[in-house]
Structure formats: C-alpha cells, structure tokens
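Visitor: Could you look at this predicted model? Sequence included:
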Amino acid sequence: MIEIVVATKNPDKIREIEKLLAGVRAKFSAYRGASPAETGKTLVENAAIKALAAARATQKWSIADDTGLEVAALGGRPGVRSARFAGPRAIYEDNVKKLLRLMKGLPRAKRKAVFKTAVCIASPDGKVYTVEGRCAGLIRESPDGKNGFGYDPVFYHPPSKKTFARMTLAEKNRVSHRARAIAKAALIIGRLSIAIS
C-alpha cells in the first residue's frame with residue numbers, strides 16, 4: 001500500500017482532505033516538516049512547491065493543494081494570494097472583511113466568483129501529477145453560516161441555495177472545488193497504489 005504525506009499545516013484542509021480520501025487504498029500521514037515559501041505565480045505552481053518539498057523531506061509520496069478565490073469584478077483577485085489577501089499574518093476574518101469592503105455596493109450580476117483548487121501528488125524523485133477542480137458561485141454582501149473556513153461564509157453556491165458555511169462537511173464535499181480536485185487525485189493515487197504494490 002502506498003504511503004502518502006499530506007503536505008499542509010492547515011487543520012481545516014487536513015480534515016476535508018481526510019474525509020475526501022477516506023475510501024482510497026493508501027496510508028496517509030500529516031507532514032511535520034518546515035513549510036516552503038509559496039513563491040509560485042499560480043495555484044498549480046504553489047501546490048507543486050509544497051508537495052515536492054514534503055516528498056523530498058520525508059522520502060515518501062506527498063499530496064498538497066493550493067486554493068484560490070477568483071472574483072471577476074476584482075480582476076481575478078484575490079486568486080493565488082487568497083490566504084494572504086489582507087496581509088501576511090491575516091486570519092480568515094481579515095480576508096473576508098477586505099473582500100467585502102472592495103465589493104461594497106456591487107450588484108448581484110457583478111458578484112460572480114470561482115473557487116479553484118490545484119492538487120499535486122509528488123514522489124521523492126520528482127515525479128509530479130497535477131489536477132484541478134473549480135466551483136462557481138457568488139459573493140454575498142455579508143457572511144452567512146458558521147461552518148467551513150476561509151471565504152466559506154460569503155461564498156454562495158446557487159445550486160445548493162446556501163453558502164459553503166451553511167453546508168455540513170458532507171454537503172460541501174459533494175460540490176466543492178477541493179472535492180472535485182481530490183476526486184481526480186484519488187484516481188491517480190489508486191493507480192499508483194496498484195503499480196507500487
């Protein structure tokens with residue numbers, strides 16, 4: 001069975017990823033090493049930086065993701081800077097407040113946004129597999145809901161008629177950008193597990 005290190009220190013992401021990969025034939029463990037600087041210009045580049053760093057440090061296969069919220073009215077921002085939108089030490093609430101301030105007064109038609117996730121699976125010798133997932137929605141004028149994390153309280157998913165923060169984790173994992181990316185990654189892990197066993 002393949003052993004894979006999950007390269008993130010974010011406990012919210014770990015919880016989601018573990019649930020999404022629950023049925024995958026692999027052994028997962030959390031990465032305990034130092035986090036590399038996310039210097040990539042795209043989500044794919046940052047996911048690869050994190051996965052490769054963990055794979056080389058542990059000499060095990062690694063999986064990492066990078067997620068960004070792209071708002072059309074803001075020219076695609078915050079995008080790759082989503083986690084640090086309000087500054088290098090920003091917390092979730094800081095980023096949401098800045099986003100809402102920049103979008104204040106915009107009509108519904110100009111509040112379109114897309115959540116994107118890039119997932120990278122990397123080997124110690126530098127093999128890289130990358131997949132992506134996306135989910136379209138709207139940015140609310142104010143937060144709604146207590147579940148989830150990040151921009152979830154203001155990201156409204158029209159087909160579900162609720163924000164991500166109003167969804168249970170199971171509901172979110174059926175429709176989210178990360179769920180779609182991880183589902184593709186799970187197929188790759190399944191193939192790797194067969195090849196290695």
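Guide: Looks like it came in fine.

Visitor: any idea which helix or strand comes after the helix or strand containing E70?
Guide: Assigned by DSSP states H and E, E70 belongs to strand 61-71. As assigned by DSSP H and E, the chain's next helix or strand after strand 61-71 is strand 78-79.

Visitor: Lowest-scoring secondary structure element of the protein by mean pLDDT?
Guide: Scoring the helices and strands of the chain by mean pLDDT, DSSP states H and E places helix 11-20 at the bottom, with a mean of 79.

Visitor: That helix packs against which elements?
Guide: strand 3-6, strand 61-71, helix 169-175, helix 177-196 (3 or more C-beta pairs under 8 Å, 6 or more residues apart in numbering; DSSP states H and E). No exception for glycine: its C-beta is placed from N, CA and C like everyone else's.

Visitor: Check which residues of the shortest one are buried.
Guide: Neighbour-count burial for strand 3-6, counted by 16 or more other C-beta atoms under 10 Å, picks out 4-6.

Visitor: any idea which element the nearest residue to T130 once chain neighbours are set aside lies in?
Guide: Closest residue to T130 apart from its sequence neighbours, by C-beta to C-beta, 6 or more residues apart in numbering: C120 at 5.0 Å. Using DSSP H and E, C120 sits within strand 112-122.

Visitor: Run the chain-centre distance for the least confident helix or strand of the chain.
Guide: 10 Å (C-alpha atoms, centre = their mean, to the nearest Å).

Visitor: Chain neighbours aside, what residue packs nearest to the residue positioned nearest the centre of the chain?
Guide: Ranked by distance to the mean C-alpha position of the chain (C-alpha atoms, centre = their mean), the top residue is T67 at 3.7 Å. Distance criterion C-beta to C-beta, 6+ apart; nearest residue to T67, sequence neighbours excluded, is T117 at 4.5 Å.

Visitor: dump the residue contacts of the residue nearest to T130.
Guide: C120 makes contact with 44, 47-48, 50-52, 63-65, 128-130, according to C-beta atoms under 8 Å, 6 or more residues apart in numbering.

Visitor: Which of the residues you listed sits closest to R191?
Guide: Y129 (9.3 Å; C-beta to C-beta).

Visitor: State the pLDDT value of that closest one.
Guide: Model confidence at Y129, expressed as pLDDT, equals 96.

Visitor: Please report the distance of it from K161.
Guide: For Y129, the distance to K161 (C-beta to C-beta, to the nearest Å) stands at 35 Å.

Visitor: do the same with E3
Guide: 41 Å.

Visitor: related to what we said a few turns ago, who's more crowded, Y129 and K161?
Guide: Y129 (20 against 8; other C-beta atoms under 10 Å).

Visitor: Apart from its neighbours in sequence, what residue is nearest G76?
Guide: E70 is the one closest to G76 (C-beta to C-beta, 6+ apart), at 4.7 Å.

Visitor: Done for today, thanks.
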